[in-house]
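> Got a predicted structure plus its sequence, pasted below:
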Amino acid sequence: MATVHLRFYEELNDFLPPEKRKVEFSHEFDRRTSVKDLIESFGVPHPEIDLILVNGRSVDFSCIVEDGDRISVYPVFERLDISPLIRLRPKPLREPRFIVDCNLGRLNRYLRLLGFDCLYRNDFTDEDVARISQQEQRIVLTRDRRLLLRKIITHGLFVREVEPRRQVREVLARLDLYRLVKPFSRCTRCNTPLQPVEKSRIEHRLLPKTRRYYDAFLHCPACGRIYWQGSHHSRARRLIAELTASD
């Protein structure tokens, strides 16, 4: 029987039972195992991990654990340069694109309102989400930690918050996305970037008061939805201010 000593840092502790949070603890095992398998045996998804130190040395997920090892596990370092060490994921996605699981529809809509590229369908299966994430290099946003345990997912975030507006603020803060916010640049219905459109081209689709009082319009070239700065726009501005207010 071999014994290792582990310590998980910051938000990775959310996945652990209370007695193992923010402390070093011992763990016994009786078979050859990689550090990735060992860590995930505690329910910590690998996409949430960016750095592992074994006896003070940075290692990748394939490192075989040995008796007496001291293992420190750190979360995603989007705001800290650790390039001299072994990062466990491809380079940070500084122009992030998301795929949102079927339980986070409102989060998806809010992120699109802020201008982020978010794929979402309420009939996506876990297999769909994992496959698209790999093929299109999208960050998975989910409240299902089992989904993030899938090997092919390299970038993912387990969303801790339950209320959608707080979820948005969590994602923005944890991935340091405030500077990338571009409100009203993407269709909230289908995710396509919006384009300016001449009023004369869509005038026949406007209600009389809209046609009379507004002249500047955006439209979605995919689904055809039209956007303008009506009364709903000021409400959306207040919502955006709430979503992007940093603590």
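Arrived safely, thanks for sending.
> any chance you could map the helices in the protein?
Taking DSSP state H as the criterion, the chain contains helices spanning 35-40, 105-113, 126-136, 145-148, 164-174, 199-202, 208-213, 231-243.
> Pull up the gap between Pro208 and Arg143, please.
Taking CB to CB, to the nearest Å as the measure, Pro208 falls 44 Å from Arg143. (Each C-beta comes from the backbone N, C-alpha and C, glycine too.)
> Of those two, which one has the most company?
In this comparison of Pro208 against Arg143, neighbours counted by other CB atoms under 10 Å, the higher total goes to Arg143 at 15 against 7.
> and His5, what are its bridge partners?
With beta bridges defined as DSSP bridges, His5 has these partners: Ser26, Arg70.
> wait, isn't it in contact with Ser26?
Yes. In terms of CB atoms under 8 Å, His5 counts as a neighbour of Ser26; the distance is 5.5 Å.
> just so I know, which of the helices of the chain lies nearest Cys190?
Comparing these by their distance to Cys190 (CB to CB), the top pick is helix 105-113, with 8.9 Å.
> Would you map out the domains in this protein?
With automatic domain parsing as the criterion, the domains of the chain are listed as 2-75, 97-180, 195-232.
> Just name the most buried of those.
Comparing those by mean neighbour count (mean count of other CB atoms under 10 Å), domain 97-180 comes out on top with a mean of 18.
> just to revisit the earlier point, make TSV out of the helices of the chain and add distance to Cys187 and mean pLDDT.
Shown next, in TSV, are those (distance: least, CB to CB, whole Å; pLDDT from 0 to 100):
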stretch	distance to Cys187	mean pLDDT
helix 35-40	37	96
helix 105-113	7	97
helix 126-136	18	95
helix 145-148	26	93
helix 164-174	18	94
helix 199-202	15	92
helix 208-213	18	91
helix 231-243	13	89
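> distance between the ends of stretch 186-200?
Stretch 186-200 has its terminal residues 22 Å apart, counting by CA to CA, to the nearest Å.
> quick check, distance from that stretch to the centre of its chain.
In terms of CA atoms, centre = their mean, to the nearest Å, the centre of stretch 186-200 is set 24 Å apart from its chain centre.
> contacts for that stretch?
Outside stretch 186-200, the residues within contact range by CB atoms under 8 Å, 6 or more residues apart in numbering are 109, 112-113, 115-120, 184-185, 211, 215-223, 225-227.
> Also stretch 237-246?
Contact partners of stretch 237-246, identified using CB under 8 Å, 6+ apart, comprise Tyr110, Leu113, Leu114, Arg165, Val168, Arg169, Leu172, Ala173, Tyr178, Val181, Pro183.
> Report the distance from that stretch to the chain centre.
Its chain's average C-alpha position is 19 Å from that of stretch 237-246, according to CA atoms, centre = their mean.
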